[in-house]
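Q: Provided below are the primary sequence and the corresponding predicted coordinates.
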Amino acid sequence: MKNLLVFALMIMGTVLTAQRDYWQQRVEYQMDIDFDVESHQYEGTQKLTYFNNSPDTLHRVFYHLYFNAFQPNSMMDTRSRTIEDPDPRIGDRLIDLNPSEIGFLHVENLQQNGQSVDFRENGTILEVKLNNPILPGKKARFTMQFNGQIPIQIRRSGRNNKEGVAYSMSQWYPKMSEYDYMGWHADPYISREFHGVWGDYEVNIRIDKDFTIGATGILTNAKEIGHGYTDEEIKPQADSSGKLTWKFKAEKVHDFVWAADDDYIHTKLEMEDGPVLHFLYKSDHDLQTNWEALPEYAARAFKIASQQFGEYPWPQYSVIQGGDNGMEYPMATLITGRRSFGSLVGVTVHEIMHLWYQSLLATNEGLYPWMDEGFCTYSANRVMIELFDKEEDPRIGRYYDSYINLALSGREEPMSTMSDHFSINYAYSAATYSKGAVYLAQLGYVLGDSVMRKGLNRYFYEWGFKHPDPLKFIGVMEKESGIHLKWYNQYMLNTIKHIDYGIKTVQADSKSTVVDLERIGEFPMPVDLYVYYRDGSTEVLNIPLRLMRNAKDENIGNTYKVLEDWPWTLPNYQVTIDRPISDIEKIEIDSSMRLADVNRSNNVVEIDPGTEIIISN
């Protein structure tokens, strides 16, 4: 609570003027769930208060019913069976599910302010026609009864995953769709990303007493439940049906996940000046060594991330064995646990970084998945470097290489493509994770790494607990750097044009050296030209784009100079170095490797001693 209050005050003091026109909806959920571990079904009641903070009058609302995707002939099933490279976790498995194996989520009745309303289940969306519109600045109270069946584990959610975890309960309840300046985001669930309304959750789960639960939020009745949530030994008292009711509460989140198993080991670590970390994993000798060592690394990762990217505001976080790989949710993650230690730490760090770029800077993943996955890939890379105390990043280039392979494959699609609408899964993954990470790392090349990282912190504090979009992000970076950047967004997001610069010729006379540069690719960028002298010194000549209306100031090389800007319409640019070629050992475009040049073979010229002639690539 303290961190949330501090965070809110920081935001209020920083961004009131900048965001006077911003608004977002709000929800308050109260749910009671009765769970049957024999039938894998559950019944629930939901009370939802919906606050219409928009300037619009709402005549309809929409709920997500995600579990309905796990059925034969659903949109998820059809897409998986018709796409060129289906996710192997789904493949053609859905079409063969029998009635006891499918997932479903059905609303039995629904009322608005005590009166029944008309609703229609349309696949994974519930369409609701309101009796009375919700006026701007007003709220409505919705009450419903619903029931669901947990599908066999196929994608993220489900029962009995490949490692034997009983229940991975993500996207399990009727969830109000988001409404913003674009309108409703009632997108069918095909298999990818999510979007939700900010709010508070109170969730009571009644389940067999032998099961241990890990979840979003704080367990408010820990002294009744035990199961490792208190330091004292407690023998919980089950009701007449042999069940316990677990009561969780979470504030300022946009989703709620939980998982349950009757063989979980539960440990916790209370960080100094940080959250309480919970770890829930199967009682398995092959897992125990790695999972016992994980808390130390997770705590260090939280400390590093809070220092570099903004302070984590919630009081707890749960790392839970479950799901089908690794998937992020507010205050919790589901990850598969039978991994090498390096892989276990790596996936945990990646999911931890989602707390920043999905749970807190909650962009619409259906529209901008790269602002979540790409930013997580970049930031997790930075945390892993610090975590393992590497002097040099052993992972450098991996997401660059992945993006460049995509760019040269002929299968690239613009990053602005909606998540579920990429033609192939490969194009989605490489664009969202790899090119999304390149977007940030290369922005460090344009602005200078220190300015870019200051911008990331400013972005965190200005847009935390909101739903920023690409223009909001680049606007923060423009304010932090004083550099115009909309051209960068346009080329990176809405085109598949590539970056390719080269050193065309090096001409020498007795007193100076002239370097002819050429832009071969269609994507214009600033150029850092590194000149390595035989006396051991390095000079960096920065050539900004005229589009930038400014230049970076970065402390690189022994000497750093900003040259005249390069108009993007000109394919060539000439640099004169006021030293003879005999003084020069090497000339290279971007020795830092931050420029995503698709062909670096023409980026460097090695100069042999005694060279006095024209050198050409």
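A: That came in fine, so what should we check first?
Q: which residues in the chain form helices?
A: Listed in chain order, the helices of the chain (DSSP state H) span 2-15, 75-82, 222-225, 285-309, 341-354, 370-387, 398-409, 425-429, 436-447, 449-463, 470-481, 486-494.
Q: For these, please prepare a markdown table with the additional fields mean pLDDT.
A: Converted to a markdown table, the helices of the chain look like this (pLDDT from 0 to 100):
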| stretch | mean pLDDT |
| --- | --- |
| helix 2-15 | 54 |
| helix 75-82 | 98 |
| helix 222-225 | 96 |
| helix 285-309 | 96 |
| helix 341-354 | 97 |
| helix 370-387 | 95 |
| helix 398-409 | 96 |
| helix 425-429 | 98 |
| helix 436-447 | 97 |
| helix 449-463 | 97 |
| helix 470-481 | 98 |
| helix 486-494 | 98 |
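Q: Would you mind telling me which of these is nearest L97?
A: helix 75-82 (8.8 Å; C-beta to C-beta). C-beta here means a position set from N, CA and C on the backbone, and glycine is covered the same way.
Q: what bits of the chain have low per-residue confidence?
A: 1-20, 390-397, 612-614 (pLDDT under 70).
Q: coming back round to it: format the helices of the chain as TSV; extra columns: mean neighbour count and distance to N325.
A: As requested, the helices of the chain are exported to TSV (neighbours: other C-beta atoms under 10 Å; distance: least, C-beta to C-beta, whole Å):
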stretch	mean neighbour count	distance to N325
helix 2-15	14	29
helix 75-82	18	16
helix 222-225	16	29
helix 285-309	17	16
helix 341-354	21	8
helix 370-387	23	13
helix 398-409	18	17
helix 425-429	19	12
helix 436-447	24	18
helix 449-463	19	26
helix 470-481	19	27
helix 486-494	18	26
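Q: Put together JSON lines for those helices, with distance to W198 on each row.
A: Shown next, in JSON lines, are those (distance: least, C-beta to C-beta, whole Å):
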{"stretch": "helix 2-15", "distance to W198": "12"}
{"stretch": "helix 75-82", "distance to W198": "27"}
{"stretch": "helix 222-225", "distance to W198": "26"}
{"stretch": "helix 285-309", "distance to W198": "20"}
{"stretch": "helix 341-354", "distance to W198": "16"}
{"stretch": "helix 370-387", "distance to W198": "16"}
{"stretch": "helix 398-409", "distance to W198": "30"}
{"stretch": "helix 425-429", "distance to W198": "27"}
{"stretch": "helix 436-447", "distance to W198": "23"}
{"stretch": "helix 449-463", "distance to W198": "12"}
{"stretch": "helix 470-481", "distance to W198": "16"}
{"stretch": "helix 486-494", "distance to W198": "25"}
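Q: out of these, nearest to K552?
A: helix 436-447 (5.4 Å).
Q: how far is the closest one from where the chain is centred?
A: In terms of C-alpha atoms, centre = their mean, to the nearest Å, the centre of helix 436-447 is set 16 Å apart from its chain centre.
Q: Give me the contact list for that helix.
A: 369-371, 373-375, 377-378, 381, 399-400, 403, 415, 452-453, 455-456, 477, 480-481, 483, 485, 488, 492, 525-526, 528, 548, 552, 590, 592, 594-596 (C-beta atoms under 8 Å, 6 or more residues apart in numbering).
Q: picking up where we left off before, of all the helices of the chain, which one is nearest Y167?
A: Using C-beta to C-beta, the helices of the chain put helix 222-225 closest to Y167, at 16.8 Å.
Q: Quick one: residues in contact with the closest one.
A: 219, 229-230, 234, 236-237, 244, 246.
Q: what's the spacing between the nearest residue to R93 once chain neighbours are set aside and Q507?
A: Closest residue in space to R93, ignoring its immediate chain neighbours: I154 at 5.8 Å, by C-beta to C-beta, 6 or more residues apart in numbering. From I154 over to Q507 the distance is 63 Å, taken as C-beta to C-beta, to the nearest Å.
Q: The two: which is more packed in?
A: For I154 and Q507, the more surrounded residue by other C-beta atoms under 10 Å is I154, and the numbers stand at 25 against 16.
Q: just to revisit the earlier point, isn't the residue nearest to R93 right up against Q71?
A: No. I154 is not in contact with Q71 according to C-beta atoms under 8 Å; the separation is 10.7 Å.
Q: anything in contact with each of those two?
A: L94.
Q: tell me the domain ranges of the chain?
A: 25-197, 205-362, 398-494, 501-616 (automatic domain parsing).
Q: Would you reformat the ones you listed as TSV and include distance to I385?
A: Shown next, in TSV, are the domains of the chain (distance: least, C-beta to C-beta, whole Å):
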stretch	distance to I385
domain 25-197	27
domain 205-362	9
domain 398-494	12
domain 501-616	15
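Q: how about those, which one is nearest E386?
A: It's domain 205-362; of these, that one is closest to E386 (C-beta to C-beta) at 4.7 Å.
Q: For the closest one, measure first residue to last.
A: Length of domain 205-362, first residue to last, C-alpha to C-alpha, to the nearest Å: 26 Å.
Q: In contact with the residue nearest to R93: list those residues for me.
A: So I154 contacts 70, 89-90, 93-94, 324 (C-beta under 8 Å, 6+ apart).
Q: Could you rerun that using 7 Å?
A: Going by C-beta atoms under 7 Å, 6 or more residues apart in numbering, I154 touches 70, 89-90, 93-94.
Q: now L493
A: Applying C-beta under 7 Å, 6+ apart, the residues contacting L493 are 414-416, 470.
Q: make it 6 Å
A: 415-416 (C-beta atoms under 6 Å, 6 or more residues apart in numbering).
Q: Relative to P544, how far out is it?
A: Applying C-beta to C-beta to L493 and P544 gives a distance of 21 Å.
Q: And N489, by the same measure?
A: 17 Å.
Q: With V37 instead?
A: Counting by C-beta to C-beta, the gap from V37 to P544 is 63 Å.
Q: who touches the residue minimising distance to the centre of the chain in this structure?
A: Closest to where the C-alpha atoms of the chain average out (C-alpha atoms, centre = their mean) is D372, at 2.4 Å. For D372, the contacting residues are 357-358, 365, by C-beta under 6 Å, 6+ apart.
Q: Which of those residues sits closest to M176?
A: E365 (16.5 Å).
Q: what's the nearest residue to the closest one if we skip its chain neighbours?
A: In space, E365 is closest to E193, 3.1 Å off (C-beta to C-beta, 6+ apart).
Q: next one: phi and psi at that neighbour?
A: When read as degrees, to the nearest 10, the backbone of E193 gives phi -100, psi 170.
Q: Pretty sure it sits against N364.
A: No. Using C-beta atoms under 6 Å as the test, E193 is too far from N364 to be in contact (8.3 Å).
Q: So which of the contacts of I154 wins on neighbours?
A: For the contacts of I154, neighbours tallied by other C-beta under 10 Å; top is F70, 29 neighbours.
Q: you'd agree that residue is up against I152?
A: No. Under the criterion of C-beta under 6 Å, F70 is not in contact with I152, lying 8.1 Å apart.
Q: which one of the contacts of I154 sits closest to I83?
A: Of these, the one sitting nearest to I83 (C-beta to C-beta) turns out to be I90, at 9.7 Å.
Q: I404 versus the residue nearest to the centre of the chain, what's the distance?
A: With C-beta to C-beta as the criterion, D372 and I404 are 22 Å apart.
Q: before we move on, what about P55?
A: Taken as C-beta to C-beta, the span from P55 to I404 is 45 Å.
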